[in-house]
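Trainee: A structural model of the following input is requested.
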Amino acid sequence: MIKEQFGVDLEELELKFYIGGKGRVYAYRECEFDDIAKHKGIYFGTLERDGLRLSIEGSFIVGKLARKNVIELDDLLALKWLSGEDIETNVYGYHIVKWKGKDYFLGCGKGNGRILRNFVPKDRRINK
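Mentor: Below is the predicted model:
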């Protein structure tokens with residue numbers, strides 16, 4: 001799914017993945033304690049019916065290598081996104097959201113051809 005959606009080979013990421021309950025995906029680096037680790041890595045995203053919805057951390061990991069489905073937002077739109085607002089755009093499917101001109105990724109949104117739906121959790125939003 002990562003290669004299909006974002007054009008990134010898993011080998012480039014050098015990560016292992018663990019799928020937990022409710023389709024949640026966790027990413028971790030292999031180590032000698034894998035067999036006894038209680039928590040395997042960081043929350044990477046969620047497997048949805050129509051694709052992989054990356055977390056903010058997942059967008060940072062994949063975004064630096066992504067060759068497709070990355071949308072860049074200018075300063076004004078990036079601040080709207082960080083405050084939890086949807087963005088008007090004509091894209092379809094899951095896209096990594098990047099702050100234009102910065103090496104900073106803001107998460108993942110889902111486009112329906114009119115808007116890019118925001119998935120920034122309420123406790124991680126900023127107040128404008």
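
Trainee: residues in contact with the residue lying closest to M1 once chain neighbours are set aside?
Mentor: Computed as CB to CB, 6 or more residues apart in numbering, the closest residue to M1 that is not its neighbour in sequence is L52, at 4.5 Å. Where you see a C-beta, it was placed from the backbone N, CA and C, and this is true even at glycine. By CB atoms under 8 Å, 6 or more residues apart in numbering, the contact list for L52 reads 1-2, 5, 25, 45-46, 94.

Trainee: Would you mark the buried spots in the strand or helix carrying L52?
Mentor: Assigned by DSSP states H and E, L52 belongs to strand 51-54. By neighbour count with 16 or more other CB atoms under 10 Å, strand 51-54 contains the buried residues 51-54.

Trainee: Closest to C31 out of the residues you listed?
Mentor: C31 has its nearest neighbour among the buried residues of strand 51-54 in L54, at 23.2 Å by CB to CB.

Trainee: before we move on, the earlier item: avg pLDDT for the strand holding L52?
Mentor: For strand 51-54, mean pLDDT rounds to 97.

Trainee: For that strand, output the C-alpha coordinates as PDB.
Mentor: Extracted C-alpha coordinates of strand 51-54, given in PDB (Å, rounded to 0.1, in the frame of the first residue of the first chain):
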ATOM      1  CA  GLY A  51      -6.200   2.800   1.600                       C
ATOM      2  CA  LEU A  52      -3.700   3.600   4.300                       C
ATOM      3  CA  ARG A  53      -4.300   6.700   6.400                       C
ATOM      4  CA  LEU A  54      -1.000   7.800   7.800                       C
END
